[in-house]
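A.B. asks: Quick one, structure for this:
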Amino acid sequence: MRSVMRRLDHFAAMISILLLIQFVVGMMMNLYVAIPAVIPGTQSLPYWEKLLIALNWSLSFSNPILEGHSGLGVLLIALSMIFLYRAHRSHSAKWIIIGWLGVVLFLFSSLNGLLFLLDGQKAVNSLYMAIGFVISLFIYGLGVFMQSSA
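C.D. replies: Got it, this is the predicted structure:
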């Protein structure tokens, strides 16, 4: 059981490092990438289809910095879900809570990233992405700290 906890500790540390990289790439995005007012192919579509097209566009037809930022976001969602699965396998309430918070916060940040692309780059969506980032980094970092001090 101790080795499972140690692996979750390392997994949380890896996610924290990827979050810091995501932050730097996001700042580069903010400074150096111009996003069109309307994402190609999103006019007159249902809401959820617009989100999927915006995600596809951000991953494959945009600036390489935006592609990296979006790709890392998708990777973080996948890793948070794997982390949650492993946390449930460990039967540790602390890691399960961290896992669920991580998944929810990454989905929240990602949704606001897509809304940022679709709704004319509103500052509130950027703020919500940043809030999701800060809380995620705090949660995973707290898990690493609590494990190392135990």
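A.B. asks: immediately after the top helix by length along the chain, which helix or strand?
C.D. replies: Ranked by residue count, the top helix of the chain under DSSP state H comes out as helix 2-32. Next along the chain after helix 2-32, taking DSSP states H and E as the criterion, comes helix 47-60.
A.B. asks: Which strands and helices lie in contact with the next helix or strand after that following helix?
C.D. replies: Later in the chain than helix 47-60, the nearest helix or strand by DSSP H and E is helix 64-90. If you count contacts as 3 or more Cβ pairs under 8 Å, 6 or more residues apart in numbering; DSSP states H and E, helix 64-90 packs onto helix 2-32, helix 47-60, helix 93-118. Yep, even glycine has a C-beta here, placed from its N, CA and C like the rest.
A.B. asks: quick one: average pLDDT of helix 64-90?
C.D. replies: For helix 64-90, mean pLDDT is 96.
A.B. asks: do stretch 101-121 as well
C.D. replies: pLDDT averaged over stretch 101-121 gives 93.
A.B. asks: Now that stretch: buried residues?
C.D. replies: By neighbour count on 16 or more other Cβ atoms under 10 Å, the buried set for stretch 101-121 is 101-103, 105-106, 108-110, 112-118.
A.B. asks: Also stretch 134-146?
C.D. replies: Buried residues in stretch 134-146 (16+ other Cβ under 10 Å): I135, S136, L137, I139, Y140, G143, V144.
A.B. asks: For the second one, list the residues it contacts.
C.D. replies: S136 makes contacts with L19, L101, G102, L105, F106, S109, as judged by Cβ atoms under 8 Å, 6 or more residues apart in numbering.
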